[in-house]
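Pasting the sequence and the predicted coordinates here, then a few questions.
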Amino acid sequence: MNATPHPAAAAPDPSSIVRLSTAYWESQTLLTANRLRLFDFLADGARSAEEVAAGLHLDPRSTALFLRACAGLGFLTETSGQYANAPVAAAFLVSRSPAFMGNVIRYSDQLYATWGKLEDALRSGQPALPAETYLGDDPERTRGFVMAMHERALGIARALVPLLDLRGRRAMLDVGGGPGTYSVLLTERFPGLKSEVLELPGVAAVARELVAAAGASDRVSLRDGDYHSADFGSGKDVVLMSGMFHRESEAACRGLIARAAACLDAGGLLVVSDVFTDPGGTQPTFATMFGLNMMLTAPDGGVHADADVMRWMMDAGLRELRMAPLPPPMPHRVVMGVKP
């Protein structure tokens, strides 16, 4: 009896390779449109390619090709030669929109050349962009970075804040709290809670403006300092460490957890929020790519697994450990532990 032949294995499909090899075409189109403030120019109504070219001081023929590409990517709509913002652009890419993400996109734009030095970083083991550039040395770039982190935090906070029950807690330390956005929103949600944000001086200067603009200066204070060496104090009910661990080695993360545990009162809560991988470090894909981005921009930059962070918390004496993923499309996860 003849055995049934197995179907031939499907031939490998090169589509994903081709797609990735040209992915920068699309990203550079978005980055350029944002840099040109195209979406602001179209915020009040549709315009022809000739009107866009004249208004933004561009070449007419090139502008027509560019607008068609933006429409093809779904950022614009086109009707009878008139171009208008698509709903997604109107919501997130127009500066007067409350959900504006333009500074986040601009930060990605600033990193475009840095990613072109990936091979150099792999050979040298050093970041292609010195962290000091956007953490204080260059005031303009620092402001752009802090504003980008503020916009990003506003989006993440919509998912993070509901996961945290801080009722009855009074004193929070927000370590490396950047623009202070989480502190503003958490102290607003939980009356009686006050927060101290520990940040580098250049970042803290911009954060003070944002906190004041939010009307939160009476409940959120800024303290200049480097969280690697600054005193965490004592008597805290909550310590928040958000978006920090991706800048640090395992040893540094363990040290931060130990210092946080030491400054907490009994029953105090440590909250660590970041982009984390699954065990093994190869998934989710965004987290692995984020790890490369951090390698390019911080001396110890990378990405950790949430299971490792829970183990480090356990080793530091924290208990009641749990992990909660933020709902999609947020790529972040939150790891929490309580001091016995």
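Done, it's in.

Tell me where the stretch 51-200 of the chain has strands.
Taking DSSP state E, counting those that start in this stretch to define them, one finds strands in the stretch 51-200 of the chain at 76-79, 82-85, 171-175, 194-199.

and residue 142, which of those strands is closest to it?
Minimum separation from residue 142 across the strands of the stretch 51-200 of the chain (C-beta to C-beta) falls at strand 194-199, 11.1 Å. Where C-beta positions appear, they are placed from N, C-alpha and C, glycine not excepted.

Note down every partner strand of the closest one and its orientation.
strand 171-175 (parallel), strand 220-224 (parallel) (DSSP bridges).

Let's see it as PDB, backbone CA atoms only.
What follows is strand 194-199 as a C-alpha-only set of coordinates in PDB (Å, rounded to 0.1, in the frame of the first residue of the first chain):
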ATOM      1  CA  LYS A 194       0.800  64.300  47.800                       C
ATOM      2  CA  SER A 195       3.700  63.400  45.700                       C
ATOM      3  CA  GLU A 196       7.400  64.400  45.500                       C
ATOM      4  CA  VAL A 197       8.900  64.000  42.000                       C
ATOM      5  CA  LEU A 198      12.700  63.400  42.000                       C
ATOM      6  CA  GLU A 199      14.300  64.400  38.800                       C
END
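
And the contacts of it?
170-178, 180, 183, 186-187, 204, 207, 211, 219-225, 227, 230, 232-233, 240 (C-beta atoms under 8 Å, 6 or more residues apart in numbering).

Most tightly packed of the strands paired with strand 194-199?
Mean neighbours per residue, mean count of other C-beta atoms under 10 Å, is largest over the strands paired with strand 194-199 for strand 171-175, with a mean of 26.

Give me the mean pLDDT for that one.
Averaging pLDDT along strand 171-175 gives 98.

And the next helix or strand past the longest strand along the chain?
Taking DSSP state E as the criterion, the chain has its longest strand at strand 264-274. Moving toward the C-terminus from strand 264-274, the next helix or strand (DSSP states H and E) is strand 276-277.

Who are the contact partners of residue 233?
Contacts of residue 233 by C-beta under 8 Å, 6+ apart are 173, 196, 263.

Pipe those into a markdown table and attach distance to residue 298 per row.
Below are the contacts of residue 233 laid out as a markdown table (distance: C-beta to C-beta, whole Å):
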| residue | distance to residue 298 |
| --- | --- |
| 173 | 22 |
| 196 | 24 |
| 263 | 24 |
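
can you give me the helices in the stretch 51-200 of the chain?
Using DSSP state H, counting those that start in this stretch, the helices of the stretch 51-200 of the chain run over 60-72, 87-92, 102-110, 112-115, 118-124, 139-160, 181-189.

Nearest to residue 37, out of the ones you listed?
helix 102-110 (8.2 Å).

tell me which element residue 321 is part of?
Counting by DSSP H and E, residue 321 is part of strand 319-325.

in that strand, what's buried?
residue 324 (16 or more other C-beta atoms under 10 Å).

What's the end-to-end length of stretch 160-169?
When the termini of stretch 160-169 are compared using C-alpha to C-alpha, to the nearest Å, they are 17 Å apart.

Check the offset of that stretch from the chain's centre.
Centroid separation for stretch 160-169 versus its chain: 21 Å, with C-alpha atoms, centre = their mean, to the nearest Å.

How about stretch 219-237?
Relative to its chain's centre, stretch 219-237 lies at 22 Å (C-alpha atoms, centre = their mean).

Show the end-to-end separation of that stretch, please.
15 Å.

Stretch 96-116 too?
Terminal-residue distance, stretch 96-116 (C-alpha to C-alpha): 32 Å.

can you check stretch 246-253 too?
Rule used - C-alpha to C-alpha; the end-to-end distance of stretch 246-253 is 9 Å.
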